[in-house]
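sequence plus predicted model, see below.
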Amino acid sequence: MVRALEHFEVAVGAEEPEPVQPDAMPQVAYFSPEFGVSANIPQYSGGLGVLAGDYLRACADEGRPLVGVGLFYQYGYFRQRLDSEGWQQETYRELEPGQMGLQKVSDRPLELPLGERTIRAAVWRQRVGSVPLYLMDTASAPNDSDLLPVTDRLYGGEPEHRLQQEILLGMGGIRALELAGETPTLFHSNEGHAGFLALERIRQLVSQHGLTFAEAIEAARAATVFTTHTPVPAGIDRFPVELMTRYFRGYCDEMGIGLDTLMALGHFPGEAADAPFNMAVLGLRMSGHANAVSQLHRRVSQKMFHGLWPDLFESEVPIQAVTNGVHARHWVAPEVSHLLERYLGPRWDVHNSVRWDRLHALSPVEIWEARGPGRRRLVEGVRSRLRAAELARGVPVDELTWTESVLREDALTIGFARRVAEYKRGALLFSQPERLRALLLDPQRPVQLVIAGKAHPRDEQGKHIIQALSRASRDPELRAHLVFVEDYDIAVGRMLYQGSDVWLNTPRRPMEACGTSGQKAAMNGALNCSILDGWWDECYRSDNGFAIPSFEEVEDVAERDRLEAEALFQILEQKVVPTFFDRDERGIPERWLEMVRRSLQTVIPRVLGSRMVADYVRLMYQPAAAAAALAGVDNHQGARQAVSFSRRVRESWPRVRATARGIPTQGLARGLKYGDERVVEAMVELDGLLPHEVEVHLLHGPVTADGRLVCPITESMEVDELTSNGHHRYVGRMGLATRGPYGFTVRVMPRRLNRDAPPPEMPVTFAEPQRFLR
């Protein structure tokens, strides 16, 4: 017991770890199911992959020690073509990694157990600046015929195919790093698809270091970071117990655990043992640090996953927020980039390196001239793509002269491009066709709408939305002003971001986790007109864009859509269009361009990819590296002691008790009022646990009529003395921070040895809540 206590005190922090530089970053392996690195290598479907590509580019710019891990899909993601009825058709082309500049890491493929069989994968290296990206490919390895197509298509196939891909991505990814000679300190899972990486790390820790399964979980968890991008439970991968049994029975035997133990890693507390295995729950259980991708998404995620930490308040669920950003140089038009360089210097895209108030001197004429080439490229590019698409549908050349007059450079261009899903409401503008027609056909104030997007091959609802948009764009009266651009990809997106005046975004709040297309458009001088969802909820100001009201309190979806469509049309008709066409004697829209200047000044610094990387380093990687170091000290004694301590906690916790009482600092007979301070005393019975092994918190705040605390303030309490009956006395102070009914309670929790986030289902003891009226 003495030796165990010695190890515990070291792990808790009797000796602090070596201080690190504020921006120092440990080596990180970044796992993602897709990477949007290049339009020519279609290994991405949409926002998740494009974000991953931007993240690699941003790390490469700064020489950050990061490596990427993913899959190479033989047929990538589909090419989109619309038939004569406007119905989406998917085509695939075979991709050869060796002919696309990728290099094979080794002539020897990696091998990985896959159920009762072995799967092999070639490992390819793609350079993204200084960052290596390792992609696994089953088609180029000696596999059984039915395993060759495991990496055939991105997000294709049945659940078993998806499970095979995710086992290879996560567990195979760890082996790919070994094959490549990479030795990362941390492992970052970009969404839950790569969550099985933790199981392979557990296997290694058990077989190579002699840890038990529980000890290996502690060690692996401390070094794992998880990012959730999903705002709705329906977007999470779940696998039935039958598939999990087939593919993980051998793993469980090897680890000496039952299948129920493994399945519990993918379950909420209290779920049945045969419930589907939830990959997001696995990601959260197996990561010491987790984050959402915007501040609003953090609150959504805390609510969605509160069940994993039922004894914490929802606002305390340990999910941080790192708002997504974008790699500016990849998306910004050269003319706009040159303009920013003129005022801010060549490092304008580096976080915290320039003074953005220098853009006060930016003149409307300069902005107008810098935006012009992007508009011209958009008009020319759309005409070219439209003509090619019509020819592919068999329309004779002599019937295509109308394509030469599609779009105008002097019109107000509204851009809308994203994955086509029902909740994104790409057809919201079309719900009032006559008002839309009036906007598009106004000869004095011309407006044009350019749309692009793909629906998932299995999303029939999304395909019907595309068909409706396509048919509207083929109306002979509207087709010069309304265009659906086929085969949305990085190149199409860049063209729209650089040429649009307004970027439209109409999701049902809060179903957009972040959304980065509007960030890219803003960097190019477009103004966002969006529901306050995702990143726009943080960055919107009345002078840098337009906010569409959201009627979340309306339960009827159709009525809510009607109200928000009405609000959107009012903004377009009364604000957007009049402001854009309010011109001075030079034909310059000064009021509009002042909003653009404010958008450039206030939005760009908050959505830079370099800011995103800096946030990950500060909020996620550095704390995770410290936790991993504590867990791994002295051949993982930190992890071993954490498990030993957890065992002691489980044995003692049923007898841990706490009582609390408040004492006014002034012995006044009058009632307490706003601003008064109280001393709170707690008597805590620890049943053999020591004071430094627990955390005692004072929680205080307004209370509901039934006595529940609402969004409490948390204060740490300090141990004051050991009483004669063996209880420990803790003392804390609180100020009455709001008016009205107010209350407090005391909470006792075990202290985390490795200083990572509290694990799900951690035991918690509360004192009886105290309530008083003021």
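Looks like it arrived, so ask away. Residues are numbered from 1 along each chain as shown.

now do the same for the closest residue to residue 66 other than its chain neighbours: its pLDDT.
With Cβ to Cβ, 6 or more residues apart in numbering as the criterion, residue 66 has its nearest non-adjacent residue at 4.3 Å, and that residue is residue 59. Bear in mind the C-beta positions are built from the backbone N, C-alpha and C, glycine included. At residue 59 the predicted local distance difference test score is 97.

residues in contact with residue 59?
For residue 59, the contacting residues are 66, 131, 613, by Cβ atoms under 8 Å, 6 or more residues apart in numbering.

which of those fall in helices?
Here DSSP state H is the test, and these give residue 613 as lying in helices.

same list, the contacts of residue 59, but as JSON lines with pLDDT, distance to residue 419 and neighbour count please.
Below are these laid out as JSON lines (pLDDT from 0 to 100; distance: Cβ to Cβ, whole Å; neighbours: other Cβ atoms under 10 Å):
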{"residue": "66", "pLDDT": "98", "distance to residue 419": "26", "neighbour count": "28"}
{"residue": "131", "pLDDT": "98", "distance to residue 419": "26", "neighbour count": "22"}
{"residue": "613", "pLDDT": "98", "distance to residue 419": "25", "neighbour count": "25"}
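
dump the contacts of residue 59 to a markdown table, plus distance to residue 729.
Shown next, in a markdown table, are the contacts of residue 59 (distance: Cβ to Cβ, whole Å):
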| residue | distance to residue 729 |
| --- | --- |
| 66 | 48 |
| 131 | 54 |
| 613 | 46 |
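
looking at the contacts of residue 59, spot the one nearest residue 584.
When these are compared for distance to residue 584 (Cβ to Cβ), residue 613 comes out closest, at 41.2 Å.

what helix or strand is the residue nearest to residue 66 located in?
Assigning secondary structure by DSSP states H and E places residue 59 in helix 47-61.

hang on, the earlier thing: specify which member of the contacts of residue 59 is nearest to residue 89.
Within the contacts of residue 59, proximity to residue 89 (Cβ to Cβ) peaks at residue 131, which comes in at 35.5 Å.

and the residue nearest to that closest one when sequence neighbours are not counted, what does it touch?
The shortest distance from residue 131 to any non-neighbouring residue, by Cβ to Cβ, 6+ apart, is to residue 60 (4.3 Å). The neighbourhood of residue 60, defined by Cβ under 8 Å, 6+ apart, consists of 128, 129, 130, 131.

ok, of the residues you listed, which come out buried?
With neighbours counted using 16 or more other Cβ atoms under 10 Å, these contain these buried positions: 128, 131.

residue 422: which of the contacts of residue 60 is nearest?
Closest to residue 422, out of all of the contacts of residue 60 and judged by Cβ to Cβ, is residue 128, at 33.6 Å.

any idea how far that closest one is from residue 337?
For residue 128, the distance to residue 337 (Cβ to Cβ, to the nearest Å) stands at 20 Å.

could you identify the most distant pair in the contacts of residue 60?
128 and 130 (8.1 Å).

coming back round to it: any idea which of the contacts of residue 59 is closest to residue 169?
The closest of these, once distances to residue 169 are taken by Cβ to Cβ, is residue 66, at 17.1 Å.

that closest one against residue 30, yeah?
Yes. Residue 66 lies in contact with residue 30 (Cβ atoms under 8 Å); the separation is 5.7 Å.

what do the two both touch?
Common contacts of residue 66 and residue 30, defined by Cβ under 8 Å, 6+ apart, comprise residue 56.

on that earlier part again, among the contacts of residue 60, which lie within strands?
Using DSSP state E, the members of these that fall within strands are 128, 131.

now tabulate the contacts of residue 60 in TSV and tack on distance to residue 138.
Listed next are the contacts of residue 60 as TSV, based on distance: Cβ to Cβ, whole Å:
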residue	distance to residue 138
128	23
129	27
130	28
131	24
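
so how far does stretch 485-496 reach from one end to the other?
One end of stretch 485-496 sits 10 Å from the other (Cα to Cα, to the nearest Å).

all helices of the stretch 401-550 of the chain, in order?
433-440, 460-473, 490-499, 517-523, 536-539 (DSSP state H, counting those that start in this stretch).

which of those helices sits most buried?
Among those, ranked by average contacts under mean count of other Cβ atoms under 10 Å, first place goes to helix 517-523 (a mean of 27).

which neighbouring elements make contact with that helix?
For helix 517-523, the packing partners by 3 or more Cβ pairs under 8 Å, 6 or more residues apart in numbering; DSSP states H and E come out as helix 328-331, helix 490-499, strand 502-505, strand 527-531, helix 590-607.

after the lengthiest helix in the chain, which helix or strand is next? Please name it.
Scanning the chain for the helix with the most residues, using DSSP H, yields helix 622-652. Per DSSP H and E, helix 622-652 leads on to strand 657-664 as the next helix or strand towards the C-terminus.

any buried residues in that next one, and which?
Within strand 657-664, the residues that qualify as buried are 658, 660, 662, counting by 16+ other Cβ under 10 Å.

surely residue 723 touches residue 683?
Yes. Applying Cβ under 8 Å, one finds residue 723 in contact with residue 683, separated by 7.1 Å.

and these two? which has more neighbours close in?
When residue 723 and residue 683 are compared for neighbours, residue 683 comes out ahead with 17 against 11, by other Cβ atoms under 10 Å.

can you give me phi and psi for the closest residue to residue 612 other than its chain neighbours?
Closest residue in space to residue 612, ignoring its immediate chain neighbours: residue 325 at 3.5 Å, by Cβ to Cβ, 6+ apart. Backbone dihedrals for residue 325, given as degrees, to the nearest 10, come out at phi -140, psi 180.

TSV for the helices and strands packed on helix 517-523, including mean pLDDT and distance to residue 135?
Shown next, in TSV, are these (pLDDT from 0 to 100; distance: least, Cβ to Cβ, whole Å):
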stretch	mean pLDDT	distance to residue 135
helix 328-331	97	20
helix 490-499	97	17
strand 502-505	98	31
strand 527-531	98	34
helix 590-607	98	28
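
okay, those in CSV with distance to residue 199 next?
Shown next, in CSV, are the helices and strands packed on helix 517-523 (distance: least, Cβ to Cβ, whole Å):
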stretch, distance to residue 199
helix 328-331, 34
helix 490-499, 33
strand 502-505, 38
strand 527-531, 39
helix 590-607, 35
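
and of those, who's closest to residue 44?
Checking these against residue 44 by Cβ to Cβ gives helix 490-499 as the closest, at 7.8 Å.

got the angle for that closest one vs helix 47-61?
When axes from the mean of the first three to the mean of the last three Cα atoms, to 10 degrees is applied, the directions of helix 490-499 and helix 47-61 differ by 80 degrees.

so what secondary structure elements neighbour helix 490-499?
Using 3+ Cβ pairs under 8 Å, 6+ apart, helix 490-499 is in contact with helix 328-331, helix 364-392, strand 412-417, strand 447-452, helix 517-523.

need the winner for burial among these.
Relative to the other members of these, helix 517-523 carries the highest mean neighbour count by mean count of other Cβ under 10 Å, namely a mean of 27.

mind checking how far that helix is from the chain centre?
Going by Cα atoms, centre = their mean, to the nearest Å, the spacing between the C-alpha centre of helix 517-523 and its chain's C-alpha centre is 17 Å.

do stretch 67-84 as well
Taking mean C-alpha positions (Cα atoms, centre = their mean), stretch 67-84 and its chain are 21 Å apart.
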